[in-house]
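**Q** following is a predicted model, sequence given first.
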Amino acid sequence: MLEALYQAACLLIRATDDFNCSVLHLEEAKNVKFADFMEPGNTLDITVEMIKDEQDRVSLKATGTKGDSTAVSARLVIRKSRLSDTKPELAELDRFIANHPRQELEKLMLASDAKQ
């Protein structure tokens, strides 16, 4: 469940940053609370809210709900960077890496539109 919160947070950061950062790593997971179990077939609805967006760190509040109850919640701190920050010759690789999440988000949006 924590991994799902992290992945949703990364997608939010990338979309907000116009997919500019190729590398996002979890720096901290604070106040993690597991309140319910997820069983196969259950759906975890995830909400992520940016609390603070500094130059290379983003603080977020993430919640996963199952039905009407909270199953997991956490405060996440994610560090963002680009490979080319330390090795300029990797700029093309940065663009390649950043493009994959953009394509995945487009697929999710198309699937969501098709269901409605």
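**A** Okay, I see it. Numbering: from 1, shown residues only.

**Q** quick one: pLDDT of the residue of the chain positioned farthest from its centre?
**A** Residue farthest from the centre of the chain, counting by CA atoms, centre = their mean, is Glu89 at 26.7 Å. We have a pLDDT of 94 for Glu89.

**Q** please apply the same query to Ser112.
**A** We have a pLDDT of 73 for Ser112.

**Q** on that earlier part again, measure the residue farthest from the centre of the chain to Glu104 for me?
**A** 26 Å (CB to CB, to the nearest Å). From N, CA and C alone the C-beta is placed, and that goes for glycine too.

**Q** now the strands for this protein?
**A** Secondary structure of the chain (DSSP state E): strands at 23-34, 45-53, 57-66, 69-81.

**Q** just give the closest residue to Asn42, not the sequence neighbours.
**A** Lys66 (5.6 Å; CB to CB, 6 or more residues apart in numbering).

**Q** out of the strands of the chain, which one sits most buried?
**A** strand 57-66 (a mean of 19; mean count of other CB atoms under 10 Å).

**Q** who's in contact with that one?
**A** Contacts with strand 57-66, where a contact means CB atoms under 8 Å, 6 or more residues apart in numbering, come from 1, 4-6, 8-9, 12-13, 27, 36, 38, 42-53, 70-80.

**Q** mind redoing it with 6 Å?
**A** Residues outside strand 57-66 that contact it (CB atoms under 6 Å, 6 or more residues apart in numbering) are 1, 5, 9, 13, 36, 42, 44-52, 70-79.

**Q** what are the buried residues along the lowest-mean-pLDDT helix or strand in the chain?
**A** Lowest on mean pLDDT, DSSP states H and E among the helices and strands of the chain sits helix 91-115, with a mean of 83. Neighbour-count burial for helix 91-115, counted by 16 or more other CB atoms under 10 Å, picks out 94, 97-98, 101.

**Q** of all these, which two lie farthest apart?
**A** Pairwise distances across the buried residues of helix 91-115 peak at 12.4 Å for Asp94 and Pro101 (criterion: CB to CB).

**Q** could you dump the buried residues of helix 91-115 to CSV with distance to Asp18?
**A** Shown next, in CSV, are the buried residues of helix 91-115 (distance: CB to CB, whole Å):
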residue, distance to Asp18
Asp94, 13
Ile97, 14
Ala98, 9
Pro101, 11
